[in-house]
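In: the following comprises the amino acid sequence and a computationally predicted model.
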Amino acid sequence: MTMQVTRRHIVLALLLAVLAGSLGALAASQWGSADERPSIHDFLHDELTLTPEQDAALDRVEEDFAAERQRLEEELRRANARLARAMEEEHRYGPKVSAAIDDVHGAMGELQKATMRHIFAMRELLDEEQGRAFDRQISRSLTGPQRE
């Protein structure tokens, strides 16, 4: 018995690939990278010696960001759902699919911008020495493992 590949199969495969990629990117940003370096939050709490005041202020910054991140991740899920609908409607790379992809990219961009604002808000809580260590950790997190 042979199976004929139809447009519907192709669209479904493309949709699954887009969704898997989006979810993978979110998971990677949440749970760190494969090289097992600590997350930024783990680094702040475990590697830096924070004062009780810094620790309390950091908790507030993290709570504020958690709510914003949840809202932005929900918008990204909605944008992915719009992309899925557009793909089902057009069955090709048409104007609806193109616009939906732009929506997904916009939602991803807003999430990244909010994350950067959060990174800088955390950095503002640190003293000069802590800030330098934080900057090195951020650089390592953004560039991946360095080969010597």
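Out: Happy to help now that I have it. Residues are numbered from 1 along each chain as shown.
In: could you measure from the nearest residue to residue 68 once chain neighbours are set aside over to residue 88?
Out: Leaving out its chain neighbours, the residue that sits closest to residue 68 by Cβ to Cβ, 6 or more residues apart in numbering is residue 114, at 5.4 Å. Just so you know, the C-beta spots here come from the backbone N, C-alpha and C atoms, and that holds for glycine as well. Per Cβ to Cβ, to the nearest Å, residue 114 is found 30 Å from residue 88.
In: which stretches of this protein form helices?
Out: 7-31, 40-42, 52-90, 95-123, 128-143 (DSSP state H).
In: report pLDDT for the residue lying closest to residue 96 once chain neighbours are set aside.
Out: Excluding the flanking residues, the one nearest residue 96 by Cβ to Cβ, 6+ apart is residue 86, at 3.9 Å. Model confidence at residue 86, given as pLDDT, is 95.
In: got the confidence number for residue 122?
Out: For residue 122, pLDDT reads 93.
In: do residue 113 as well
Out: Taking residue 113 on its own, its pLDDT is 94.
In: can you get me a residue count around it?
Out: By other Cβ atoms under 10 Å, 11 other residues sit near residue 113.
In: what does the one 3 residues further on give?
Out: Applying the criterion other Cβ under 10 Å, we find 11 residues in the vicinity of residue 116.
In: quick one, what contacts it?
Out: For residue 116, no contacting residues are found, by Cβ atoms under 8 Å, 6 or more residues apart in numbering.
In: in the protein, where is pLDDT below threshold?
Out: 1-38, 145-148 (pLDDT under 70).
In: repeat that with 50
Out: Within the chain, the stretches with pLDDT under 50 are 1-2, 31, 33-35, 147-148.
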